[in-house]
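Peer 1: Okay, sequence plus prediction incoming.
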Amino acid sequence: MTTNDTASAQSTAPHVIIVATDFSDVSRLAVKQAWKLATERADAQLHAIHVIDDRKGLESKTEYISREEHLLATMPATLRDHVVECAEEAGLGPLNRPLGIHVRLGSPATQIMQLAVDLDAAMIVVGSHGKHGLDKLLLGSVSEKLVRNAGIPVLVSRPKNFEGVAHSEGLDPPCPDCLEVRHRTGGEKWWCDLHAREHVPTHIYSSTEVGSFTKEPFDFEGGMTGGR
């Protein structure tokens, strides 16, 4: 393959986003967010994976094999229907590339990471139940292992929950002088002379405005809202 051929292949290679689902409510949120991300790039391709944990086999080897064969035969259609249902439920637009469906046997974290390697993926999206203690060990270990070991960005999706965290006492309005400096310098400087001084506490305020544009947030139960 020539250098030009290599460059052409790289330019047409899809931006692969993998979403892992166990069909739980939390993973439904992950599917929606992954689908949304995939619609924002023309070169993005979404791949959904469900891992059948073969450590939970039956005592009889014959029953175990029979069960696994049945699941491998029926699960791809179930998984596809689940992913499409999540997208329709959220009112999301169509994907730009065909949806990939993967069903594997084994340890969930290991199989998800292996699929990422096989597809040269750019990102993994996975749900987290946000539990603690024993529940964390049982339900959060997959996302935790992926964050530690996946080798690519991992988006951990979870329901919005600010329980136990109080609001700030108050937010100051934007400083007019700071805003003027920001606009005048095109964002190179952020603070006016007063707030740029050392040992002067910067005021606390919220603004999505940077330069002359703002970003419209998208949000499924609070996830992924932000400005740029």
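Peer 2: Arrived safely, thanks for sending.
Peer 1: Quick check: buried residues in stretch 173-182?
Peer 2: For stretch 173-182, burial by neighbour count (16 or more other C-beta atoms under 10 Å) applies to 175, 178, 181-182. C-betas here are computed from N, CA, C, even on glycine.
Peer 1: just stretch 33-53 next, same as before
Peer 2: Buried residues in stretch 33-53, counted by 16+ other C-beta under 10 Å: 33-38, 44-52.
Peer 1: quick one: average pLDDT of that stretch?
Peer 2: For stretch 33-53, mean pLDDT rounds to 95.
Peer 1: okay, now Val83: neighbour count?
Peer 2: By other C-beta atoms under 10 Å, 25 other residues sit near Val83.
Peer 1: Could you pull up the contacting residues of it?
Peer 2: 19, 21, 31, 35, 46, 48, 99, 101 (C-beta atoms under 8 Å, 6 or more residues apart in numbering).
Peer 1: swap the cut-off to 10 Å and go again
Peer 2: 19, 21, 28, 31-32, 34-35, 46-48, 50, 95, 99-101 (C-beta atoms under 10 Å, 6 or more residues apart in numbering).
Peer 1: Checking my notes, it in a helix, right?
Peer 2: Yes. Assessed by DSSP: H, G, I helix; E, B strand; the rest coil, Val83 belongs to a helix.
Peer 1: strand partners of the longest strand out of those in the chain, parallel vs antiparallel please.
Peer 2: Longest strand in the chain, counting residues (DSSP state E): strand 44-52. Next to strand 44-52 in the sheet, as set by DSSP bridges, lie strand 15-20 (parallel), strand 100-105 (parallel).
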